[in-house]
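Trainee: got a sequence here, can you model it:
(chains A and B)
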Amino acid sequence: MPQPLAATLTHLRVGNQTFLTTFYQEHRDIFAAWARQQHQLAPAAAHELFRSVLLEFYDQVADGRLTKLPDDVLEHMYHMAAQQLKATSAALPVAEASRRSRLLEQFGQLGSDCQQVLMFFYFRGYNFKKLAGKMGFANATVGRLQKASCLRRLYELHLRGE
Amino acid sequence: MDLRPYLDELERFADGQLSEAEQEAFEQRLAQDENLSAAFQAYEQFTADLRWVAGHETLRLRLRNLDKRLDERQTALTNLETRTQAARIRWSLLVVGLVLALGLGAWFLFRARPLDAERAWAHYYVPDPGLPEATAQRTNNPLLIKAMRQYRDGHYSAALHSLRRIPASTLGDDTLLYYTGVMLLRQDEAGAARSYLTRAAQLPASELAGKARYHLAMAQLRTGQREQARVTLYSISQNTQNPYWAEAQAALRAPELFPHDL
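Mentor: From the prediction side, this is the model:
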């Protein structure tokens, strides 16, 4: 069901990313045509740029850097893409940005199961029972122990990086 | 600050895993223990950052998977279109091939075929119809009457046999020579016919000489004497008194009979 535009940012802030995935699906080809015309990008590179722009858009909403949905979202995406290509974007305060980008990098060093567990728990908000069901663990306790173990692993990577 | 000594406790507290009494006790310690309080602050920031990372990564993976699905769908659509187009081209080629084959077949069946020498000869040769019954009856010669009937009926061998039984004294030489030649020509013995027709054509007083020249020319043509035939036919075509002058002209004009002459 299409969301009213006013509710879009609220939905994004509470973790409902459907607006962005639908937007990507509907505008991928249009964006690729724009990127080819304006920046001579091949379709695969244009798609990657579009995904990266949507991620940045999501981060801005989640961080509170974007508080009002632009009137023309696609035009806003073009503008963000042009900025990304020039490697200039409205960044977070340096300390916060570098802390998050470090954690993102460390998160990438975890195994895919651990990443999935942490995403389910910390982003999707699954309880241990649902987490166990999704991951195929025997029960909620195993789910809790697995999540605790993954968090420790990430924290240790984080400590090593400091 | 190293959170590891506090991590279990903080995690259980944050995840709501403590009993009511344990939670109350933990909250009291949190208010009194500065180190624990600092660890809790650090833990909150770490998990807040982790929530951001998890959201970011979830969206990144969702978009990547969506992209893959869209690419696959695009590829499938392209393949389908290619296959449909290939099938359409195959069918078009098949139809074109079929039409061409039918056209070729129709052309082969209904084409204006050049006549070969034998067919051309049969096409242009105008045979003698034989004596009409009434005329034959007037000769009072039963063998001639019989021979003419047989000739008209197409029984050339029998007709020739009957004709040869007629005593020479009862019928003129020219008639015998002429009809013998004509009958031999009709039963495809042009070589033998030629000598009878030559002799018949050389009888200047005979009414049949002119006709004999035409059949002689055709016998010459049939036996490959094209030059003699051409000369004979030419002389006939120049003589409008000859009953076959028009037929001789037609034969001379026929490229199938005289390819290099006209």
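Trainee: could you use CA atoms for every contact and neighbour count after this?
Mentor: Noted.
Trainee: what helix or strand is B:Ile184 on?
Mentor: Careful, residue B:184 is Leu; it's not Ile. Using DSSP states H and E, B:Leu184 maps to helix B:173-186.
Trainee: kindly report the same for B:Lys68.
Mentor: Secondary structure from DSSP H and E places B:Lys68 in helix B:34-110.
Trainee: for the record, mean pLDDT for that helix?
Mentor: In this model, helix B:34-110 has an average pLDDT of 94.
Trainee: now the helix or strand just after it: average pLDDT?
Mentor: Proceeding N to C from helix B:34-110, the next assigned helix or strand is helix B:117-124, under DSSP H and E. Here helix B:117-124 scores 84 as its mean pLDDT.
Trainee: quick one: distance of helix B:117-124 to the chain centre.
Mentor: Relative to its parent chain, helix B:117-124 has a centroid offset of 29 Å by CA atoms, centre = their mean, to the nearest Å.
Trainee: can I get that helix in CSV, CA atoms only?
Mentor: Below are the C-alpha coordinates for helix B:117-124, written out as CSV (Å, rounded to 0.1, in the frame of the first residue of the first chain):
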residue,chain,number,x,y,z
ALA,B,117,12.9,-31.2,-81.4
GLU,B,118,10.5,-34.1,-81.4
ARG,B,119,7.7,-32.2,-79.7
ALA,B,120,8.3,-29.2,-81.9
TRP,B,121,8.1,-31.3,-85.0
ALA,B,122,4.9,-32.9,-83.8
HIS,B,123,3.6,-29.4,-82.9
TYR,B,124,4.3,-27.9,-86.3
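Trainee: show me which positions of that helix end up buried.
Mentor: Within helix B:117-124, the residues scored as buried using 16 or more other CA atoms under 10 Å in any protein chain shown are B:Ala120, B:Trp121, B:Tyr124.
Trainee: quick check: the residue of chain A nearest chain B.
Mentor: Using CA to the nearest CA, A:Met119 is the residue of chain A that sits closest to chain B, at 4.7 Å.
Trainee: before we move on, the earlier item: what's the average pLDDT for the helix holding B:Leu184?
Mentor: 90.
Trainee: which residues outside that helix are in contact with it?
Mentor: Under the contact criterion CA atoms under 8 Å, 6 or more residues apart in numbering or on different chains, helix B:173-186 has outside partners B:127-128, B:151, B:156-157, B:159-160, B:163-164, B:168, B:190, B:192-197, B:199-200, B:203, B:206, B:208-209, B:212, B:215, B:219.
Trainee: give me the buried entries from the residues you listed.
Mentor: B:151, B:156-157, B:159-160, B:163, B:190, B:193-194, B:196-197, B:199-200, B:206, B:208-209, B:212, B:215, B:219.
Trainee: by proximity to chain A, which residue of chain B wins?
Mentor: Going by CA to the nearest CA, chain A is nearest to B:Ala54 of chain B, at 4.7 Å.
Trainee: touching, that residue and A:Cys114? I think so.
Mentor: No: look at B:Ala54 against A:Cys114 with CA atoms under 8 Å: they stay out of range, at 11.1 Å.
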